[in-house]
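>>> Quick check, what structure comes out for this input:
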Amino acid sequence: MPFAKAANGVRLAYQTAGRGPALVLLAGQANNHHWWDGIREDFESRYQTVTLDWRGTGDSDKPDEPYSTTGFADDVIAVLDDLGVDRAAVYGTSMGGRVAQWLGARHAERVRALILGCTSPGGRHGIERGPEIRQSLIDPDPATARQALLELMYTPEWLAHNAGPFHTLGDPDMPAYAKRRHLMASNRHDAWDALPDIASPTLIVHGTEDRFNPAANAPLLAERIPGARTRLIPGARHAYFEEFRSVAGPLVLDFLDETHH
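Coordinates of the predicted model:
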């Protein structure tokens with residue numbers, strides 16, 4: 001497996017598949033590249049998909065030091081540099097969408113198109129999940145907390161017909177300190193002032209029933225990012241890209257085709 005090296009020497013595992021222009025797929029908080037299992041194939045006939053294991057996850061190094069969404073964006077650039085990719089389309093979901101905001105704002109010359117999925121500008125302008133949601137995720141019974149997370153990710157209908165395995169519930173092998181570092185990085189994200197600097201064509205995608213990262217964040221992002229367009233997926237929860245892949249995949253591909261130049 002290839003590794004890129006971050007500026008401070010941290011080794012970052014990354015994965016590529018498919019052929020064509022580069023499409024970077026960014027996973028959610030405390031997850032590794034498996035977040036995209038079963039989905040990246042939708043893009044591989046036309047794009048070279050690039051994923052990475054965030055620092056703290058998967059096969060990447062796991063230093064016990066502060067992480068940040070700006071730092072994660074620098075890690076993505078290190079991977080692109082290692083691959084020799086000058087410009088890529090970037091599709092970030094959840095915390096990956098927070099990281100993607102920084103890529104679009106601070107590394108505009110490297111991003112030819114941007115897709116922000118189920119994400120938030122963060123900070124005092126971002127709309128947080130409700131206290132009852134936060135409480136359900138820290139239930140002392142691990143099985144109850146896991147079920148709460150599953151129901152935030154997927155609809156009851158989908159869960160009734162899909163037994164898993166589920167790749168969006170966190171990297172099971174992550175050390176506890178790294179999970180805390182990821183949580184802090186996500187919580188401290190605030191790209192509000194930088195969003196107007198995004199120059200790439202931008203698509204914002206969100207499920208209408210997302211309570212994990214409320215759908216009310218989509219119009220906030222759209223108002224701040226010049227020319228951004230928004231597509232809401234009716235009935236979808238946080239993992240819209242998986243459960244509603246028959247809708248979300250073509251949406252993203254059409255946008256990428258339209259903006260490819």
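>>> Using CSV, write out every CA atom in stretch 203-211.
Output of stretch 203-211 as CSV, limited to C-alpha atoms (Å, rounded to 0.1, in the frame of the first residue of the first chain):
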residue,chain,number,x,y,z
LEU,A,203,-22.4,21.1,-5.4
ILE,A,204,-24.0,20.7,-2.0
VAL,A,205,-25.8,17.4,-1.3
HIS,A,206,-27.8,16.6,1.8
GLY,A,207,-30.5,14.2,2.9
THR,A,208,-33.7,16.0,4.1
GLU,A,209,-34.1,13.7,7.1
ASP,A,210,-30.5,14.1,8.4
ARG,A,211,-30.6,14.8,12.1
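>>> Any buried residues in that stretch, and which?
Of the residues in stretch 203-211, those buried by neighbour count under the rule 16 or more other Cβ atoms under 10 Å are 203, 204, 205, 206, 207, 209, 210. Just so you know, the C-beta spots here come from the backbone N, C-alpha and C atoms, and that holds for glycine as well.
>>> got it, and stretch 161-179?
In stretch 161-179, counting by 16+ other Cβ under 10 Å, buried: 166, 167, 168, 169, 170, 171, 174, 178, 179.
>>> what's the most distant pair in those residues?
Greatest spacing in these, by Cβ to Cβ: 166 and 178 (19.9 Å).
>>> Neighbours of residue 159, how many?
16 (other Cβ atoms under 10 Å).
>>> And for residue 69?
25.
>>> Can you spell out which helices and strands pack onto the helix or strand bottoming out on mean pLDDT in the chain?
Least confident helix or strand of the chain, by mean pLDDT, DSSP states H and E, is helix 131-137 with a mean of 90. Packing partners of helix 131-137 (3 or more Cβ pairs under 8 Å, 6 or more residues apart in numbering; DSSP states H and E): helix 142-153.
>>> avg pLDDT for stretch 154-173?
Per-residue pLDDT over stretch 154-173 has a mean of 96.
>>> Kindly apply the preceding question to stretch 41-59 instead.
97.
>>> Convert the C-alpha atoms of that stretch to PDB, please.
Presented in PDB, the C-alpha positions along stretch 41-59 are these (Å, rounded to 0.1, in the frame of the first residue of the first chain):
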ATOM      1  CA  GLU A  41     -17.100   1.600  -7.800                       C
ATOM      2  CA  ASP A  42     -19.900   3.900  -9.100                       C
ATOM      3  CA  PHE A  43     -17.200   6.400 -10.100                       C
ATOM      4  CA  GLU A  44     -14.400   4.100 -11.300                       C
ATOM      5  CA  SER A  45     -15.300   3.600 -14.900                       C
ATOM      6  CA  ARG A  46     -14.700   7.400 -15.500                       C
ATOM      7  CA  TYR A  47     -12.500   8.500 -12.600                       C
ATOM      8  CA  GLN A  48      -9.400   7.400 -10.700                       C
ATOM      9  CA  THR A  49     -10.800   7.400  -7.200                       C
ATOM     10  CA  VAL A  50      -8.400   8.400  -4.400                       C
ATOM     11  CA  THR A  51      -9.100   7.700  -0.700                       C
ATOM     12  CA  LEU A  52      -6.900   8.000   2.300                       C
ATOM     13  CA  ASP A  53      -6.900   6.800   5.900                       C
ATOM     14  CA  TRP A  54      -7.100  10.000   8.000                       C
ATOM     15  CA  ARG A  55      -4.200  10.300  10.500                       C
ATOM     16  CA  GLY A  56      -5.400   8.300  13.500                       C
ATOM     17  CA  THR A  57      -7.200   5.700  11.400                       C
ATOM     18  CA  GLY A  58      -6.600   2.700   9.300                       C
ATOM     19  CA  ASP A  59      -3.000   2.100   8.200                       C
END
